[in-house]
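Colleague: My questions concern the predicted model and sequence given below.
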Number of protein chains: 2
Amino acid sequence: MNLMDYFNIKKKIIDDYLNTLLPYSTSEPVINDAMRYSLFCGGKRIRPILSLLVCDMFGGNEDELLPFACSIEMIHTYSLIHDDLPGMDNDDFRRGNPSNHKVYGEGYAILAGDALLNKAFEIMMTTIANNPESRFIEAAKEICTASGLKGMIGGQAIDLYYENKHINSNTLDKMHEQKTGALICASLNIGSLISNASNKDFQTIYSFGRLIGKAFQITDDILDITSTTEKLGKPVGSDKEKHKSTYVSFYGLEESKLLAKKLITDAKMLISPLPNNAKLIGLADYIINREK
Amino acid sequence: MNLMDYFNIKKKIIDDYLNTLLPYSTSEPVINDAMRYSLFCGGKRIRPILSLLVCDMFGGNEDELLPFACSIEMIHTYSLIHDDLPGMDNDDFRRGNPSNHKVYGEGYAILAGDALLNKAFEIMMTTIANNPESRFIEAAKEICTASGLKGMIGGQAIDLYYENKHINSNTLDKMHEQKTGALICASLNIGSLISNASNKDFQTIYSFGRLIGKAFQITDDILDITSTTEKLGKPVGSDKEKHKSTYVSFYGLEESKLLAKKLITDAKMLISPLPNNAKLIGLADYIINREK
């Protein structure tokens, strides 16, 4: 099967499951719409697809994984809603559409973000209450840590702190490892945890995650310069305008491209001994070759 | 022992535990300060005190309860930070001090709120990972539900929806049951769950919680009119200014006072058959007699 077809099948499974987790409802007016607007607004679903790929690779049960993988997508979505707020990055567009607060107002955008984060935890706790196996508890803990102060939120705070300030390469790495990398690593790690991968395989996938997470962020920084507003779905050059510290502003465009390519080469090498690795290798390539 | 002395002892235990859960740290600049600023900014700790009172009453282990009770306080604190934002209620003061975004800016206030919510879940998941007993899992699930779309966030969304709109008494009740009542009920319920109370006692405490939760909100609405800015720590009359639907705007001041008193009388009656109920009865009285 063609790789993009395979990704699209997984994307459909994820979209359908998200729709079951957060169905359209008139009993919570506006807030339900606001949550669904951003959740179904053209997300590539890279994080839950990564989870499902690892699960497939290790022969795990996709149905067991979906609540956790989709919780990560909800957490990712809430972070974008809050990031776009006027008090944060003040972005009017996301994925080619007006950002959440431009449609629903700031109040609902704040609440919709909060509600998506809360919903992610509700889904995981309900799953654990029904089946308190340690692999499910570990998966939920992995996600909580990755989305918190030592992970994504911590990275966003470093980003805020270094706006208009000089940043060194170590801090730039730490910022992106937390802001983008942590949730990407968690997506892969929960695939390993739920499919009962060996410790050795878990570590391999974790190291792979750190490499592709960094390559993912470098590619985001590159696309912010080289893509078009139409393809990207938001204005290009916005990082520069906001005096954000990016890999491109630090290393320059060509050096950044080489760095991303090297990371993906290393990442693919790492997982080359694993069985059924073709699709995960394909996804690693997609990360630096995507246009949005 | 004098009741206020007892509450102060419990408050000290809670403050110390919160300090252990979120110690001062220089490794996350600004965001750590912003989180701690609101967490240690004069909160009455009513919710975790309620948890500890129920736990004492049923002979439970306070150490087992503290991570959950303090998670509720973190969730309560995040909701205040986000509520005060310019995009929500736009309040410049909270508990007599500048609100979070007035000190740290909107970006950090949004992130500090997100981080406190996330931290609450991290604490609960870590506790469960160490000891996956069903009573701990049920307590965490209770808290997730109470803070989400069917609880607090849902109530905040109803509040936002009915600004400048006519509200009926059923919806007013539903709004406050979710916005304030849900987390108060959860505080009591986790006390019952962790101390292995019988189903009958759990139900009694739950019903008690619904009554005092409503009385708590009515008293908040009354204090917004009758208190002074100095005592309340924020400008009085702000609900009216923002065209908020409150019990006082709906029923008038005198009727609201009677309603709150009646609810507390009923609540005390409900728990009168329970052993060691004196302190919980004292707290019920405090809810309508407080001045802030």
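Modeller: Sure thing, it's come through. Residues are numbered from 1 along each chain as shown, chains lettered A, B, ... in the order given.
Colleague: Only C-alpha atoms from now on, for both contacts and neighbour counts.
Modeller: OK.
Colleague: continuing past the biggest helix by length in chain A, what's the next helix or strand?
Modeller: If you go by DSSP state H, chain A has its longest helix at helix A:199-226. The C-terminal neighbour of helix A:199-226 among helices and strands, as given by DSSP states H and E, is helix A:229-232.
Colleague: Okay, buried residues for the next helix or strand after that following helix please.
Modeller: Under the assignment DSSP H and E, the closest C-terminal helix or strand after helix A:229-232 is helix A:238-241. Of all the residues in helix A:238-241, those buried under the rule 16 or more other C-alpha atoms under 10 Å in any protein chain shown are A:Asp239.
Colleague: hang on, the earlier thing: what helices and strands are in contact with the longest helix of chain A?
Modeller: helix A:169-176, helix A:182-194, helix A:238-241, helix A:247-251, helix A:253-271, helix A:278-289 (3 or more C-alpha pairs under 8 Å, 6 or more residues apart in numbering or on different chains; DSSP states H and E).
Colleague: Tell me the spacing between the residue positioned nearest the centre of chain A and chain B.
Modeller: Closest to where the C-alpha atoms of chain A average out (C-alpha atoms, centre = their mean) is A:Arg47, at 4.8 Å. Going from A:Arg47 to chain B by C-alpha to the nearest C-alpha, to the nearest Å gives 19 Å.
Colleague: One more: A:Ala157?
Modeller: Counting by C-alpha to the nearest C-alpha, the gap from A:Ala157 to chain B is 6 Å.
Colleague: what about that residue, neighbour count?
Modeller: 24 (other C-alpha atoms under 10 Å in any protein chain shown).
Colleague: picking that back up, between the longest helix of chain A and helix A:253-271, how big is the angle?
Modeller: Note on geometry: by axes from the mean of the first three to the mean of the last three C-alpha atoms, to 10 degrees, helix A:199-226 and helix A:253-271 are set 160 degrees apart in direction.
Colleague: Could I get the average pLDDT for helix A:199-226?
Modeller: The average pLDDT within helix A:199-226 is 95.
Colleague: try stretch A:238-254
Modeller: 86.
Colleague: Just give me how far that stretch sits from the chain centre.
Modeller: Put simply, stretch A:238-254 sits 20 Å off its chain's centre (C-alpha atoms, centre = their mean, to the nearest Å).
Colleague: Same check on stretch A:214-225?
Modeller: On C-alpha atoms, centre = their mean, the centre of stretch A:214-225 falls 13 Å from the chain's centre.
Colleague: residues contacting the residue lying closest to A:Met88 once chain neighbours are set aside?
Modeller: Distances taken as C-alpha to C-alpha, 6 or more residues apart in numbering or on different chains place B:Gly107 nearest to A:Met88, at 4.8 Å, with adjacent residues excluded. Going by C-alpha atoms under 8 Å, 6 or more residues apart in numbering or on different chains, B:Gly107 touches A:Gly87, A:Met88, A:Leu160, B:His101.
Colleague: my guess is the last one is in a helix, correct?
Modeller: I take that to be B:His101. Yes - B:His101 forms part of a helix when assessed by DSSP: H, G, I helix; E, B strand; the rest coil.
Colleague: Can you name the residues of the stretch 101-250 of chain A sitting close to chain B?
Modeller: By C-alpha under 8 Å from any C-alpha of the partner chain, the residues of the stretch 101-250 of chain A that approach chain B are A:105-108, A:110-111, A:114-115, A:117-119, A:121-122, A:125-126, A:128-129, A:132, A:134, A:137-138, A:140-141, A:144-145, A:147-149, A:153-154, A:156-158, A:160-161.
Colleague: Now a ChimeraX select for only the buried ones of those.
Modeller: A single ChimeraX command selects the buried members of those (16+ other C-alpha under 10 Å):
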select /A:106,107,108,110,111,114,115,117,118,119,121,122,125,126,128,129,132,134,137,138,140,141,144,145,147,148,149,153,154,156,157,158,160,161
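Colleague: Output the helices and strands packed on helix A:199-226 in a markdown table, with distance to B:Glu291 appended to each entry.
Modeller: Converted to a markdown table, the helices and strands packed on helix A:199-226 look like this (distance: least, C-alpha to C-alpha, whole Å):
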| stretch | distance to B:Glu291 |
| --- | --- |
| helix A:169-176 | 45 |
| helix A:182-194 | 45 |
| helix A:238-241 | 49 |
| helix A:247-251 | 54 |
| helix A:253-271 | 60 |
| helix A:278-289 | 58 |
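Colleague: Deepest in the core, which of the ones you listed is it.
Modeller: Across the helices and strands packed on helix A:199-226, averaging neighbours per residue (mean count of other C-alpha atoms under 10 Å in any protein chain shown) puts helix A:182-194 on top, at a mean of 28.
Colleague: That one - contacts with which helices or strands?
Modeller: Under the contact rule (3+ C-alpha pairs under 8 Å, 6+ apart), helix A:182-194 is packed against helix A:46-57, helix A:62-84, helix A:134-147, helix A:199-226.
Colleague: Which residues does it contact?
Modeller: Contacts for helix A:182-194 (C-alpha under 8 Å, 6+ apart): A:47-48, A:50-55, A:58, A:60-61, A:64-65, A:68-69, A:72, A:76, A:135-136, A:138-139, A:142-143, A:146-147, A:151-152, A:201-202, A:205-206, A:209-210, A:213.
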